[in-house]
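J.: Structure for the following, please:
(one chain, ligands or ions: 1)
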Amino acid sequence: MAASPLDLLELDNLLSDEERDVRAVTRRVVDDRVRPHIADWYESGTVPVRELALEFGKLGLLGMHLTGYGCAGASSVQYGLACLELEAADSGVRSLVSVQGSLAMYAIWKFGSEEQKQQWLPGMAAGELIGCFGLTEPDHGSDPANMATRARRDGDDWILNGGKMWITNAPVADVAVIWARSDAGVEGFAVPTSTPGFSVREVKKKLSLRASSTGEITLDDVRLPASAQLPLARGLKAPLSCLTEARFGIIWGALGAARDCLETALEYAGSRSQFGRPIAGFQLTQAKLADMTLELQKGYLLALHLGRLPGLSPVQVSAGKLNNVREALKIARQCRTILGANGISGEYPVLRHANNLESVLTYEGTSEVHQLVIGQKLTGLNAFAG
Ligand code: FAD
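T.: Purely as a prediction, here's the structure:
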């Protein structure tokens, strides 16, 4: 693979051959299966989730950092590089993979019974079964501790009532990991979406993450056997630990969107002339390109550092997500200016990436929430509730 001019600091040399292989395989499937169609999917607000999942499953990209049950057992950095290449095509496509692997599969892998793992994970790793993860509710986003969805016992069974909002993959999912409050605290459930009382409405009119299927889930007296409860999930810590997994992928993924914007802007600036010379020759354009390249490389170093740490604390993941998504969004917007009017066209990826990154800035903990996590670590004071 040719060295990118954006790799000013030769950070590529920091990768092992195995890591480069994962990157190459992911880049190939993205180039073949996603890039030729992504602008149309985005415009129409549709995405062939099942077809893509099968393609990604064949390559071992689903739940790739998990072990056993058909999962690839990849390293953190390999997983991160796959996220980067997926998001270089579109954040919605990376979201499909993150939600499947780091949220739905991870929850079952970490907190499920052996029977649940056997039932769901091999099919999910292969992309034959789709999963979603329902934590957010219409009235409880950043504050899931106050969730309104309830789980109550009826004999040995559980009955779920409530609703979840903004749930990626929900309209096409076979299994939904649902978090609900019982008398004992927050509990997790692996809910087959065919269960009576479980329904999904597709969220329409999104102006961001349009190449991603998003749903609102209603739980109306959903009766589940005791075996649907995730036995090892105890309290809110369980879903929050799944989010830590998924955020790690976002730290890398956001860099992919930024890289795609920057590559586009660099090429455009070289070929577009105004005042008789390429706009790449103007000092103001060069200053933008230089600053963006530095931020991209710094973000990459941060991702690589976090990926190589033996274990990550939630505050370290918050730092990575906050920085890399925020900088990626700035890069996408700045690249948009370099493309002038063409920057707002779907013929180019930059505004699509910028719009997508607005969602990425908000989901998996808003940037403000991550600032507060870091602030609490620094000061010892919890600013969440006031
Ligand atoms: P709110 O919590 O209402 O926040 C609104 C604003 O208030 C934000 O700026 C926030 O930072 C700020 N704020 C809130 N509390 C504080 C505070 N204490 N101090 C300072 N500022 C504060 N959720 C899932 O469970 N599963 C999914 O698969 C999923 N997919 C998503 C896909 C998309 C496209 C989007 C947009 C969202 C998705 N989400 C999903 C939901 C996402 O995680 C939430 O939107 C996010 O947690 C924020 O919640 P909220 O939108 O209710 O905003």
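J.: which residues make contact with stretch 63-79 from outside it?
T.: 15, 18-19, 22, 60-62, 82, 100-102, 105-106, 109, 117-118, 121-122, 124-126, 245, 248-249, 252, 304, 307-308 (Cβ atoms under 8 Å, 6 or more residues apart in numbering). For glycine as for every other residue, the C-beta is placed from the backbone atoms N, C-alpha and C.
J.: switch the cut-off to 6 Å
T.: With contact meaning Cβ atoms under 6 Å, 6 or more residues apart in numbering, stretch 63-79 is reached by 19, 22, 60, 101, 105, 109, 117, 121, 122, 125, 307.
J.: Report the distance from the helix or strand encompassing residue 55 to the chain centre.
T.: Applying DSSP states H and E as the criterion places residue 55 in helix 49-58. In terms of Cα atoms, centre = their mean, to the nearest Å, the centre of helix 49-58 is set 16 Å apart from its chain centre.
J.: Enumerate the residues of the stretch 101-250 of the chain near the ligand.
T.: Residues of the stretch 101-250 of the chain lying near the ligand by Cβ under 6 Å from any ligand atom: 133, 134, 135, 136, 141, 142, 166, 167, 168, 209, 214.
J.: can you pull the contacts of the fifth one?
T.: It stands for residue 141. Counting by Cβ under 6 Å, 6+ apart, residue 141 touches no other residue.
J.: so what pLDDT did the residue located most distally from the centre of the chain get?
T.: No residue in the chain sits farther from the centre than residue 276, which is 42.9 Å out by Cα atoms, centre = their mean. At residue 276, the model reports a pLDDT of 98.
J.: how far away is it from residue 289?
T.: Per Cβ to Cβ, to the nearest Å, residue 276 is found 20 Å from residue 289.
J.: Which of the contacts of stretch 63-79 fall in helices?
T.: If you go by DSSP state H, these have 19, 22, 109, 117, 121, 122, 125, 307 in helices.
J.: is it true that residue 317 touches residue 247?
T.: Yes. Residue 317 is within contact range of residue 247, at 4.8 Å (criterion: Cβ atoms under 6 Å).
J.: Which single helix of the protein contains the most residues?
T.: For the chain, the helix with the greatest residue count under DSSP H is helix 237-271.
J.: Okay, helices next: where are they in the stretch 1-150 of the chain?
T.: For the stretch 1-150 of the chain, applying DSSP state H, counting those that start in this stretch gives helices covering 17-29, 38-44, 49-58, 76-89, 91-98, 106-111, 114-126.
J.: if we compare those helices, which one ends up closest to residue 147?
T.: Among the helices of the stretch 1-150 of the chain, the nearest to residue 147 by Cβ to Cβ is helix 106-111 (15.4 Å).
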